[in-house]
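Peer 1: Here you go, sequence then predicted model.
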Amino acid sequence: MRWIHSLSSDEPAEVLGGKAHGLVVLGRLGLAVPAGFVIGTEACRAYLRDGRLPDGLADELTIAVASLPAGQVSVRSGASVSMPGMMTTILNLTVDSIEPLKKAVTEVFSSWNTPRARTYRELHGIPHDLGTAVTIQAMVYGDRDHRSGTGVAFTRNPNTGEPVPFGDVLFGRQGDAVVSGRELPLPLHDLTAREPKVWAGLLHAMDRVESHYRDACYLEFTFETGELWLLQVRPGRFVGAAAVRVATDLADDGVIGREEALRRVSPEDLQQVRTPRIVLAADVLARGLGACPGVAVGMVATSTDAAVRMAAKGPVILVRPETSPLDMRGIAAAAGIVTARGGPASHAAVVARAMGKPAVVGVAGLVVGAGSVRAGDRTIEEGTLVSIDGTSGDVVVGEATVTTSTAESHVCRLLGWADDISGDTSERPEPDRLRAAHIALSQTKARRKPE
Amino acid sequence: MSILITSRAPDAWDPPPGLFDQVTGRAVDLGADGVIAVLVLHTLRCMGFATLSRVAGAAGLGESDVQSELIDLAVAGLVTYEPGDFGGWSITPTGRSAHAAWVADELDAAGAKVAVAEAFDRFLPLNTELLDLCGAWQIRSGALNDHTDAAYDARVLAVLVDFDRRAGVVCAALSAALPRFGRYRVRLAEALARVGSGELEYVTDDMASYHVIWFQLHEDLLVTLGIPR
């Protein structure tokens, strides 16, 4: 076939897209991936050039679909570089003829060029002519029964780098429910009691993918009637203290060399390594997405008026379903902001960052009433003291312990290696010590290159 | 100056004389002065809470004119002033109800509902795009952008200029439907010009920044179309 590739293809991510390339890796590691195939990026480029699906693709689709088990399919975008949430994904597509599939593929190809996707590429320096691959797989159903579900998992804690599995699971739901934020997900660890076989399978998968990528990884999974299926894998791309800790731990364990550990940490990671963080032995009320780093502690206010009134007595955390311009005054008065809806790209997040206020947004399942806030089966009243962590997204009842040194010993060790490489042990800011090591490493690499 | 003169504080919602026809309850033709009063009320509704100079700046009117309108609106119970650190002018619950009714009438009278709704459909993807853009301006590799990388900032600002051009098309459609939307084009252009002259706080940080004005435009569209948040 010219346009379509199998999920055991040797083609690089430039052809298969990052998502399908990850699926190929998962399959090779012996992990369960739903049957499927991928339309390469070349077909997308042809579509973008000619304005129609390339000749021969429809015939190839007919043959490829016939090789899948009967039933519905998922149709997912996936470029060679990550563009999260920018392009179309279609679930539960019934393929009684090839037409709906052609339409879905066209839709995914077209989504490459939405103004939003173009802007994203401009901002992140991604060329416009790459195109996206399209992965088509047999559906597995996280909402089939009470022994089904879906989730996301990190092999290590993405907030701290701690080597423990971390993530969310939703029982009886499909994948889109996890990202929609409408429902309150459970901690990944809840699988141990409810679906021990799925949990064991997930631990096994985490072990395999970490060994393969030699890095912390991110996984998306669904389990259908107790059977685990993996839908996506990629290296974790941790930042800040978590990046420092993972790189240093991996080098300590001999998984990667010290030079590689240094390359994986950026001066920006070091700059934010001492951002204040909540020490989590605390009473976690809910978790959302960190939108502006920092910790704030204060009394819950559920309206802008209350925030302004209460701010006279002490620090306030403004908790809102979402924000309107009417809330800008409350944000100004508050020490920190929590919103139930919206993501890191929401008006509330932009305003919070503009005002330098720690913020947690998109707290799934948080219900803000008049004078109280409910999360799951707990209700707290206005005026209750809470702490929020704008990096991890944790909302904690009471005054949490705060630290600025979650990765102190790791930073110290890593920078020791940096000084060894650069040969410079003078007193300098930490990011400069790392930069010097990066320069020394790139010079060594250049010297090694044959003339 | 204004025809919104009443000496009593309205109880619950009691349309002030002059703003609404007492028999039909519909907004009446106010003449030039009344239009200014409603414009001030509307501006404040979309801004949420603001100082006199900000309301005047947003409405494109002189401060003394706006002040006298605000005082009249306050007498009518539609707006209120709070002193203090976070003080300023804001709309009262009565003012919100009166304003919602007026805006619905305005939309009907202008026959602009379809045009504004269509423009709103085009606004929404632009809104997502601007929020991505503001995110990229504020955060880089998970850390707050310290704006030391001029090349990166220049790239983001180039995208903002391109965005503004496309946003201008939707703003033009809105002003064609309801002329009062024309202020946003002017204000966004002012913010962008200040960014261009190196005042970087006019991207997201200042109360008259591009994002804050856009946020108010978003609110205006929701309010005008009667869509709850």
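Peer 2: Good, I have the coordinates.
Peer 1: hey, where'd the helices end up in the stretch 151-300 of chain A?
Peer 2: Per DSSP state H, counting those that start in this stretch, the stretch 151-300 of chain A carries helices over the ranges A:175-180, A:191-194, A:196-213, A:240-252, A:258-264, A:267-271.
Peer 1: Which among those helices is found nearest to residue A:327?
Peer 2: helix A:175-180 (22.9 Å; C-beta to C-beta). Bear in mind the C-beta positions are built from the backbone N, C-alpha and C, glycine included.
Peer 1: per-residue confidence averaged over the closest one?
Peer 2: Here helix A:175-180 scores 69 as its mean pLDDT.
Peer 1: just stretch A:94-101 next, same as before
Peer 2: Stretch A:94-101 carries an average pLDDT of 94.
Peer 1: Distance from the chain centre to it, please.
Peer 2: 31 Å (C-alpha atoms, centre = their mean, to the nearest Å).
Peer 1: Just the residues contacting that stretch, thanks.
Peer 2: Residues from elsewhere that reach stretch A:94-101, judged by C-beta atoms under 8 Å, 6 or more residues apart in numbering or on different chains: A:58, A:61, A:62, A:65, A:72, A:73, A:75, A:93, A:136.
Peer 1: One more: stretch A:405-421?
Peer 2: A:160-161, A:241-242, A:244-245, A:247-249, A:251-252, A:258-259, A:261-262, A:265, A:270, A:273-274, A:277, A:425, A:430, A:433-434, A:436-437, A:440-441.
Peer 1: cool, and stretch A:108-115?
Peer 2: A:43-44, A:47-48, A:53, A:75-77, A:79, A:86-90, A:117, A:131-132, A:134, B:125-126, B:129, B:166.
Peer 1: filter these to the buried ones?
Peer 2: Taking 16 or more other C-beta atoms under 10 Å in any protein chain shown as the criterion, what is buried in those is A:43-44, A:47-48, A:53, A:75-77, A:79, A:86-90, A:117, A:131-132, A:134, B:126, B:129.
Peer 1: Name all residues that make contact with residue A:354.
Peer 2: Contacts of residue A:354 (C-beta under 8 Å, 6+ apart): B:138, B:204, B:205, B:209, B:211.
Peer 1: before we move on, back to that, and the contacts of stretch A:405-421, which are buried?
Peer 2: Buried subset of the contacts of stretch A:405-421 (neighbour count, 16+ other C-beta under 10 Å): A:160-161, A:241-242, A:244-245, A:247-249, A:251, A:258-259, A:261-262, A:265, A:270, A:273-274, A:277, A:430, A:433-434, A:436-437, A:440-441.
Peer 1: The stretch 301-450 of chain A: strands as residue ranges?
Peer 2: Under the criterion DSSP state E, counting those that start in this stretch, strands of the stretch 301-450 of chain A are mapped to A:316-320, A:336-339, A:359-361, A:366-368, A:372-375, A:378-381, A:385-389, A:394-397, A:402-403.
Peer 1: I meant chain B, not that one.
Peer 2: Assigned by DSSP state E, chain B shows strands spanning B:49-50, B:79-82, B:88-91, B:139-140, B:143-144.
Peer 1: ok, now the stretch 51-200 of chain A?
Peer 2: A:72-79, A:89-94, A:132-138, A:149-154, A:166-171, A:186-187.
Peer 1: Out of those, which one sits most buried?
Peer 2: strand A:132-138 (a mean of 27; mean count of other C-beta atoms under 10 Å in any protein chain shown).
Peer 1: mean confidence score for that one?
Peer 2: The model assigns strand A:132-138 a mean pLDDT of 98.
Peer 1: and it, C-alpha only, in CSV?
Peer 2: C-alpha atoms of strand A:132-138 as CSV (Å, rounded to 0.1, in the frame of the first residue of the first chain):
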residue,chain,number,x,y,z
THR,A,132,-1.0,15.0,10.2
ALA,A,133,-1.3,11.2,10.1
VAL,A,134,-4.6,9.6,10.8
THR,A,135,-4.8,6.5,13.1
ILE,A,136,-7.9,4.3,12.6
GLN,A,137,-8.5,1.6,15.3
ALA,A,138,-11.2,-0.8,16.4
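Peer 1: list the helices and strands that strand packs on?
Peer 2: Contact analysis of strand A:132-138 by 3 or more C-beta pairs under 8 Å, 6 or more residues apart in numbering or on different chains; DSSP states H and E lists helix A:13-28, strand A:36-39, helix A:41-50, strand A:72-79, helix A:99-111 as its packing neighbours.
Peer 1: about what we covered before: now render the helices of the stretch 151-300 of chain A as CSV, adding distance to chain B.
Peer 2: As requested, the helices of the stretch 151-300 of chain A are arranged in CSV below (distance: least, C-beta to the nearest C-beta, whole Å):
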stretch, distance to chain B
helix A:175-180, 15
helix A:191-194, 28
helix A:196-213, 19
helix A:240-252, 6
helix A:258-264, 13
helix A:267-271, 5
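Peer 1: Neighbours of the nearest residue to residue A:334 once chain neighbours are set aside, how many?
Peer 2: The shortest distance from residue A:334 to any non-neighbouring residue, by C-beta to C-beta, 6 or more residues apart in numbering or on different chains, is to residue A:318 (3.9 Å). For residue A:318, the tally of surrounding residues (other C-beta atoms under 10 Å in any protein chain shown) stands at 33.
Peer 1: separation between residue A:318 and residue A:328?
Peer 2: Distance from residue A:318 to residue A:328, counting by C-beta to C-beta, to the nearest Å: 10 Å.
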